[in-house]
Each structure stands twice: as C-alpha cells, then as structure tokens.
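**Student:** all I have is the shape, not the residue letters:
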C-alpha cells in the first residue's frame, strides 16, 4: 500500500492552482471580448450614462426582449398601443415584427406602463406588425417605408412613431350535446371571421387556430366583434357549422346538437351502369355538416352522417373532366341512396343568317358540365356524354356582320341542335352622365345589353368605333346599364340601317329583395314583381325577377316609388318602397 504525506499533497495543490491563475490571467484574457448588451432606447442610453448601474436594466426600461444588437443598419420602431374603445394605454402587450410575408421573425418588444414600446430590427423597407395582449383580440398591420401602417387601419403618424389600437377580445363558449356513441373523441373547434364590426383604426384580424374540445364547454377567445362562422370537425369531416354575431368584449354560448348518426349506403350510376371511382361530397342544409367520401370502382360508397336532415350528395368524376351529378334527400334513419347520371349525345350545327354553314367556328356549351367544339366544313360538331340539363350557347369570336342571340336548350337524350346567327345592324350610342340635375352632363362610355324575355342581359359587341355596337337586324329590347346609374331602356323594330340611341344617366338606387317562406327559410329561385307607382316605366323583363340561390336578388332602379309583390307559400305579399339616388335598401317579404 502506497502512502502520501498530506503536507506534500497540500504543497502540490497550491502550486497547480497558482499556475492555472497565471495562465488564465496573462495568456487567455488578452483576446477576450465582452458579451453583447441589450439594445437601449435613447431614453435608456441617457439614463445609463448618468447612472452606470442602470445600464444592466435597459431591457426593463424599453420593454425590449431582444438579446442581441442587430448587425449593420437598423430600423427603429417605436410607438404606443391603446385600447380602441377607451383610448387608454395597454401595458404588457407584445409587439412582434416579422418580414412582410410574416415568415421570418425580426424582433419584438413589450409595452411599458404607458403602452409605449421601442424595438430595433435590421434595416427593412416592409414589415408586418402583430400586437397581442391578455384580454384583447390580436391584430396585425402591414408597414412599408413609402406609406404608413395599412391593412384594415390607417394612420397619419410617421413610420417611426406608430399608434396601434386593439380591441377587447370577444369570446364564444362552444359546447356539444350528443349521445355518447355519436360523440367523436377528437373534436376540434374553429372560427372564421365573415364580417368584422371593428373600428377603422383596427388592424387586420389574426386567425385563431383550431382548439381541441377538451372540456364540456370549450372557450374560443381572441375574437373580434362581428359575424363568425364556427364549426366543429373530426379529422377532415365537418360535423356542424353555425354563424353567430358577437359584440365587442362580449361572451356568448353556442351549443351544437348532434345525433343520432345515420349510416348511408350509396351507389353511383351513369346511364344505369356503375361508375368507376370518384368522390362524393356530403352536405347538410340544416347543420352545414360536410365530408368527402371516396367511391369504389364498383360505384359504391359508405357514409356515416352526424345527424338527420336534408342532405345533399354531390358525385365528381375522378377523371377531372367536370362530370358529376347531385342528389338531395331528407334522411332521418339509416338509408340507401342512388345517384344517377344520365347523358346524351348532341349532333349540332351552326348556320349563318341565310342558313349557310359556318365553318371552323369555335364555341362552347355552358351547363351542368362545360363543353367546347369547333365546327367542320359543314358547320357541324358532335359531343358525347353530355349530362342532362339546360345548356347555353356561347361564342367568343363571331363571323362578320352577324349577331348572336342568347339561346338555351334542354338536353334529355340523343338529339340534334342548331344555332342560327341573326343578321346585324349597328347602334350608334351616345351616353351622357350627370351627378345631379344641376350639373352639366358629361360624355361617357357605358356597356349596352340586349334584354331578353327572361331578364337575361347579353352584352353587345362593339365595332371598330367605341360608340358603335352590333344589334340584331330584326330588333329587340335593349338597356344602357352600369351599376349605380339609372338604366336606360330602348326598343327597336327591324332595320337594315344604323340606329341612333341617346341616353342620359343619373345616379340610381338599389333594392335587395329577400323572400322568406312560411317556415322561416329563404326562398331561392322564387319569382317576384316590381311595379312602378310614381317612377319611370320599366319593361316586363326587368320588372319580373327571381331570387338567387341564397333567396335574394339585387335590382337597380331609377328614383321613385315602387311596389314589390310575390306569391309566397304563406300567401300573397306586397310592400311599397321608395328609391333614392346613391342609396341601397333591404326589403324582406313578408
């Protein structure tokens, strides 16, 4: 066994320690540089010069959380964050700067007690500025060196002194009521802003990420006031969707009711033969639930629907040729559905005003599925697998001195269709426009349309002269029309010579008519009539209208008094309206 004298060991340790101190002090310390300090604002720099102890607390003075000083030229951002409702400063708010696309972080700062912030970033010409604070909805602005802050906001402050206003957050508490067997375990809640109700000073909204439904009532915060679309989904399936209006700083409850689930077995047929593949999109009118389901190569598909209701099934071909079909059915229990697609063949021909063949003309048919064709030496073309439905003839290039009337036809099998161009004359259209009856009208250029019996507008083709349009030789009803201005109606009989049209337009008004049924649902594609009481006369094709797919229709009218009538499922309804220039009104019947 080896023994070491303790006194000798102590002497050795002292010598080794002395050598280490000597090497570290006189050899390694010569090239050592100090660590970078936090950036200081001008205010912090002045304090650090007067009080050396303050230099170590510059981050607290400026609110900056940057750990390094940017290399090279810098851009300084400073300003204040305030509450848009009270105008008071917002302390402890985070101001984050990124590049213009928002993909690269540049720097950030935290506001002090007065809502002020100061941050320096590498020199830039454009940036996005995002502000977040507890209890407030986050907002984002876009900044560039040429203009000031933009993106939902507008400020006259210089770029280096920004005034950023944020609003108190609105909150939606979302809950789901469903039988335990119909409640998926992986529900996500998400919100999408449809229409904001914030002040002009607010920045652009920051999307709120989806939230997992971990509680019975899930909090969805960080929202701004306005109309939101809130949905719950499981994976790629949307289980339900609702629209909700919420005020600034308001909290509201939103309850989704699901179940009982419905199991659907489906089959897709084309001309009574099963299709090979594709997808079926499901959509429920009541709950707005939707999903995409693959179709097997034998035309079959299976779907588990989250709740009863009026369901729509939309099949789309896997070939990407626009082929598809739709079925809408009210389902309350497990069911079998069959989507049928019937197609026909069109043997078509295009002829001129005297019945002559039009050779090499390119045209299209717009309908359930678009088709394009080119006529051969006999003016003919052949289209296969055309789904049943209504189609419209469309020609982008026309032969010389002809007019293409708007024309539709129904496809219900194998059939022959012929389109004949009309002979054309010219309209020499002069349009004057005046903001009021007290101002001198000014010459302008406005589109001119042919108005058919259904109210459809067919734009007239201009000739080489900007004020000259091609017009059917056999005459018709036309309108000089541009939204916001009084429509000028005219009619002509048959003519082989140019016809002069002089129109004077003044500011018009608009009415949006919405028709509501007995059960409170809007009525789509439902007819109504507009009758002038103390206003200029309008042609029947302009007065007799239909609501659109969402149950509304917007009509431009000359100032005056009108009556709107419609026969609803609850009975006849009528209401008088008064149209004033440059104003838009909403009318709901009944």
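**Tutor:** On my side now, so go ahead. None of the values given here were measured: they were computed from a predicted structure.

**Student:** look at residue 31 and report its pLDDT.
**Tutor:** Model confidence at residue 31, given as pLDDT, is 41.

**Student:** I misspoke; the intended subject was residue 84.
**Tutor:** The model reports residue 84 with a pLDDT of 88.

**Student:** burial count for it?
**Tutor:** Applying other C-beta atoms under 10 Å, we find 21 residues neighbouring residue 84. To be clear about C-beta, it is placed using only N, CA and C from the backbone, and glycine gets the same treatment.

**Student:** for the closest residue to it other than its chain neighbours, list each beta-bridge partner.
**Tutor:** Among residues not flanking residue 84 along the chain, residue 165 sits closest, at 4.0 Å (C-beta to C-beta, 6 or more residues apart in numbering). Legend: beta-bridge partners of residue 165 under DSSP bridges are residue 82, residue 202.

**Student:** show me where the chain has its helices.
**Tutor:** Applying DSSP state H to the chain gives helices spanning 6-23, 42-50, 58-62, 540-543.

**Student:** just checking, what packs against the shortest one?
**Tutor:** Counting contacts by 3 or more C-beta pairs under 8 Å, 6 or more residues apart in numbering; DSSP states H and E, the secondary-structure elements packed against helix 540-543 are strand 527-534.

**Student:** name the helices or strands packed onto the strand it packs on?
**Tutor:** Contact partners of strand 527-534 among helices and strands, from 3+ C-beta pairs under 8 Å, 6+ apart: helix 540-543, strand 544-546, strand 552-557, strand 560-568.

**Student:** can you name the residues in contact with the longest one?
**Tutor:** Contacts to strand 560-568, defined as C-beta atoms under 8 Å, 6 or more residues apart in numbering, come from residues 511, 513, 515-518, 523, 526-536, 572-579, 587, 589-590.

**Student:** change it to 7 Å
**Tutor:** Outside strand 560-568, the residues that touch it by C-beta atoms under 7 Å, 6 or more residues apart in numbering are 513, 515, 517, 523, 526-536, 573-579, 587, 589-590.

**Student:** strands paired with it, and their directions?
**Tutor:** Strand 560-568 sits in its sheet next to strand 527-534 (antiparallel), strand 571-579 (antiparallel), going by DSSP bridges.

**Student:** residue 416 is nearest to which of these?
**Tutor:** strand 527-534 (32.0 Å; C-beta to C-beta).

**Student:** could I get the average pLDDT for that closest one?
**Tutor:** Averaging pLDDT along strand 527-534 gives 95.

**Student:** got the angle between it and strand 552-557?
**Tutor:** For strand 527-534 against strand 552-557, the angle by axes from the mean of the first three to the mean of the last three C-alpha atoms, to 10 degrees is 30 degrees.

**Student:** who's in contact with strand 527-534?
**Tutor:** The contact list for strand 527-534 (C-beta under 7 Å, 6+ apart) reads 513, 515, 538, 543-546, 555, 560-566, 576.

**Student:** 6 Å - rerun?
**Tutor:** By C-beta atoms under 6 Å, 6 or more residues apart in numbering, the surrounding residues in contact with strand 527-534 are 513, 543-546, 560-566.

**Student:** just stretch 303-319 next, same as before
**Tutor:** In this structure, residues lying in contact with stretch 303-319 by C-beta under 6 Å, 6+ apart are 239, 258-259, 261-264, 268, 277-287, 289, 293, 323-328, 330-332, 339.

**Student:** got a quick PyMOL command for the buried subset of the residues you listed?
**Tutor:** The PyMOL command for the buried members of the contacts of stretch 303-319 (criterion: 16 or more other C-beta atoms under 10 Å) is given here:
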select buried, resi 239+258+259+261+262+264+268+278+280+282+283+284+287+289+293+323+324+325+327+331+339
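
**Student:** okay, now the nearest residue to residue 362 once chain neighbours are set aside: neighbour count?
**Tutor:** Nearest non-adjacent residue to residue 362, counting by C-beta to C-beta, 6+ apart: residue 374, 5.2 Å away. Neighbourhood size, residue 374 [other C-beta under 10 Å]: 10.

**Student:** just residue 168 next, same as before
**Tutor:** Neighbours of residue 168 under the rule other C-beta under 10 Å: 19.

**Student:** contact partners for it?
**Tutor:** Counted by C-beta under 6 Å, 6+ apart, residue 168 has contacts 136, 249.

**Student:** recalculate using a threshold of 8 Å.
**Tutor:** Residue 168 makes contacts with 83, 85, 135-137, 248-249, as judged by C-beta under 8 Å, 6+ apart.

**Student:** same check, this time on residue 579
**Tutor:** Contacts for residue 579 (C-beta under 8 Å, 6+ apart) come out as 508-511, 535, 557-562, 585.

**Student:** burial count for the nearest residue to it once chain neighbours are set aside?
**Tutor:** Spatial nearest neighbour of residue 579, excluding adjacent residues (C-beta to C-beta, 6+ apart): residue 509 at 3.9 Å. Residue 509 is flanked by 21 other residues according to other C-beta under 10 Å.

**Student:** and residue 464, by the same measure?
**Tutor:** Look at residue 464: counted by other C-beta under 10 Å, it has 5 neighbours.

**Student:** gap between it and residue 402?
**Tutor:** Distance, residue 464 to residue 402, using C-beta to C-beta, to the nearest Å: 16 Å.

**Student:** in this structure, which strand has the most residues?
**Tutor:** strand 422-433 (DSSP state E).

**Student:** where does the stretch 101-250 of the chain have low pLDDT?
**Tutor:** Along the stretch 101-250 of the chain, segments meeting pLDDT under 70 span 146-160, 198-202.

**Student:** so who does the spatially closest residue to residue 300 that is not a sequence neighbour touch?
**Tutor:** Closest residue to residue 300 in three dimensions, ignoring its sequence neighbours and counting by C-beta to C-beta, 6+ apart: residue 267, at 5.5 Å. Neighbouring residues of residue 267 by C-beta under 8 Å, 6+ apart: 274, 299-301, 336-339.

**Student:** at 7 Å instead, please
**Tutor:** Residues in contact with residue 267 (C-beta under 7 Å, 6+ apart) are 274, 299-300, 338.

**Student:** give me the pLDDT for the closest residue to residue 482 other than its chain neighbours.
**Tutor:** The shortest distance from residue 482 to any residue other than its chain neighbours is 4.7 Å, reached at residue 446 (C-beta to C-beta, 6+ apart). pLDDT for residue 446: 89.

**Student:** neighbours around residue 446, how many?
**Tutor:** Residues contacting residue 446 under the criterion other C-beta under 10 Å number 15.

**Student:** roughly how far does it sit from residue 467?
**Tutor:** Distance, residue 446 to residue 467, using C-beta to C-beta: 10 Å.

**Student:** overlap of the contact sets of those two?
**Tutor:** Counting by C-beta under 7 Å, 6+ apart, nothing touches both residue 446 and residue 467.

**Student:** once you drop chain neighbours, what's closest to residue 325?
**Tutor:** Excluding its sequence neighbours, the residue lying closest to residue 325 (C-beta to C-beta, 6+ apart) is residue 341, at 4.0 Å.

**Student:** any idea what that neighbour is bridged to?
**Tutor:** Note on residue 341: beta-bridge partners by DSSP bridges are residue 270.

**Student:** which stretches of the stretch 51-200 of the chain form strands?
**Tutor:** Counting by DSSP state E, counting those that start in this stretch, the stretch 51-200 of the chain has strands at residues 74-83, 94-98, 105-110, 116-122, 126-132, 139-144, 161-166, 170-177, 187-196.

**Student:** mind putting these in JSON lines, distance to residue 474 included?
**Tutor:** Formatted as JSON lines, the strands of the stretch 51-200 of the chain follow (distance: least, C-beta to C-beta, whole Å):
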{"stretch": "strand 74-83", "distance to residue 474": "68"}
{"stretch": "strand 94-98", "distance to residue 474": "64"}
{"stretch": "strand 105-110", "distance to residue 474": "68"}
{"stretch": "strand 116-122", "distance to residue 474": "70"}
{"stretch": "strand 126-132", "distance to residue 474": "59"}
{"stretch": "strand 139-144", "distance to residue 474": "56"}
{"stretch": "strand 161-166", "distance to residue 474": "63"}
{"stretch": "strand 170-177", "distance to residue 474": "60"}
{"stretch": "strand 187-196", "distance to residue 474": "47"}
